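# Below: sequence and its predicted model.
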Amino acid sequence: MCTVTIIPKGKNDFVITSNRDEAPNRTSSSPLFYSVNDVKLLYPKDDLSGGTWIGISEKNRVICVLNGGFVSHKRQSSYRLSRGVVAKDFMISEAIETTIQTYDLTNIEPFTMVIVDWNDTLRFFELVWDGDQKQVKELPLEPQIWSSATLYSEVMRNERLQWFNTFISQNKLNPESLLEFHKTGGAGNEDYGVIMNRGFVKTTSITQVEKTKDALNMHYENLQNKTVTDTVFNLPQTVNE
């Protein structure tokens, strides 16, 4: 949930990669196919909430969630709904821009949502909920990185951005090189390297989604039990290149 990068590939393709930083005892399940309101989804599942931090929808959409908005916040004792469940609601949405504007986020913990939608044309969106207000913007189709405000200070986030900018200036961008960045960026810095370990919270998994024409591949690495799974999600319609 806590470090995300995305790059576009041509007109309609992309690669999005997410490192989940979580309490080591909060377990998750490898990606499986689910049907929610008759919509086919693929996602790894958080075993506690039943939600997810990244998933593919047959609505021609990928949703990825990070904890926190622009700045770190004080947690309430309880919230109306898990952010991982909100992610699933956005995945099954018929019209993503309408959902962004109308979805009720009252008493939902702050989050940042990265939305990739390729109905008609490929588009990247960022939705930030700070606990009081939504802020949404459509992003240019260019490499982006996010680091969770709940774990990383502004100074840390800026340094991580520098690592990413250096990486993209020196490497060919593809799924393999991006996975390498997500494993080695800031290597040796356990406090805020891209693979981090503060004891009570650590990077527990890496999930990558690559879209190529009319199929997507979800690559999932559970760093806790050292398992790796790759799952293909075939799209219900052909996307014109």
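Ah, there it is.
# so Phe14 sits in a strand?
Yes - under DSSP: H, G, I helix; E, B strand; the rest coil, Phe14 falls within a strand.
# which residues touch it?
Contacts here follow C-beta atoms under 8 Å, 6 or more residues apart in numbering; on that basis Phe14 touches Ile6, Ile7, Pro8, Val116, Leu122, Phe124, Glu210, Lys211. C-beta coordinates here come from the backbone N, C-alpha and C atoms, glycine included.
# And the longest helix belonging to the chain, what does it pack against?
Longest helix in the chain by number of residues, with DSSP state H as the criterion: helix 154-170. Under the contact criterion of 3 or more C-beta pairs under 8 Å, 6 or more residues apart in numbering; DSSP states H and E, helix 154-170 touches strand 3-9, strand 144-147, helix 175-184.
# now those in JSON lines, with mean pLDDT, mean neighbour count and distance to Thr98?
Shown next, in JSON lines, are these (pLDDT from 0 to 100; neighbours: other C-beta atoms under 10 Å; distance: least, C-beta to C-beta, whole Å):
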{"stretch": "strand 3-9", "mean pLDDT": "97", "mean neighbour count": "23", "distance to Thr98": "23"}
{"stretch": "strand 144-147", "mean pLDDT": "98", "mean neighbour count": "22", "distance to Thr98": "24"}
{"stretch": "helix 175-184", "mean pLDDT": "98", "mean neighbour count": "17", "distance to Thr98": "31"}
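# Distance to Ser82 added to the ones you listed, as a markdown table?
Output for the helices and strands packed on helix 154-170, formatted as a markdown table (distance: least, C-beta to C-beta, whole Å):
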| stretch | distance to Ser82 |
| --- | --- |
| strand 3-9 | 18 |
| strand 144-147 | 20 |
| helix 175-184 | 24 |
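# Please name the bridge partners of the residue sitting nearest the centre point of the chain.
By C-alpha atoms, centre = their mean, the chain has its centre lying nearest to Cys64, at 2.9 Å. Counting by DSSP bridges, Cys64 is bridged to Ile54, Val114.
# Please apply the same query to Lys202.
Counting by DSSP bridges, Lys202 forms beta bridges with Glu22, Asn197.
# cool, and Leu127?
Met113, Val136.
# quick one: pLDDT of it?
We have a pLDDT of 98 for Leu127.
# What's the local residue count around it?
For Leu127, the count of nearby residues is 23 (other C-beta atoms under 10 Å).
# Mind listing residues that contact stretch 16-24?
1-6, 28, 53-54, 62, 64, 114, 116, 148, 151, 175, 178-179, 182, 194-196, 200-209, 224.
# Separate out the buried members of these.
1-6, 28, 53-54, 62, 64, 114, 116, 148, 151, 175, 178-179, 182, 194-196, 201-209 (16 or more other C-beta atoms under 10 Å).
# ok so, going back, any chance of the contacts of Phe14 in JSON lines, with distance to Arg80 too?
Output for the contacts of Phe14, formatted as JSON lines (distance: C-beta to C-beta, whole Å):
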{"residue": "Ile6", "distance to Arg80": "29"}
{"residue": "Ile7", "distance to Arg80": "35"}
{"residue": "Pro8", "distance to Arg80": "35"}
{"residue": "Val116", "distance to Arg80": "26"}
{"residue": "Leu122", "distance to Arg80": "33"}
{"residue": "Phe124", "distance to Arg80": "28"}
{"residue": "Glu210", "distance to Arg80": "34"}
{"residue": "Lys211", "distance to Arg80": "33"}
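# Thanks a lot, catch you later.
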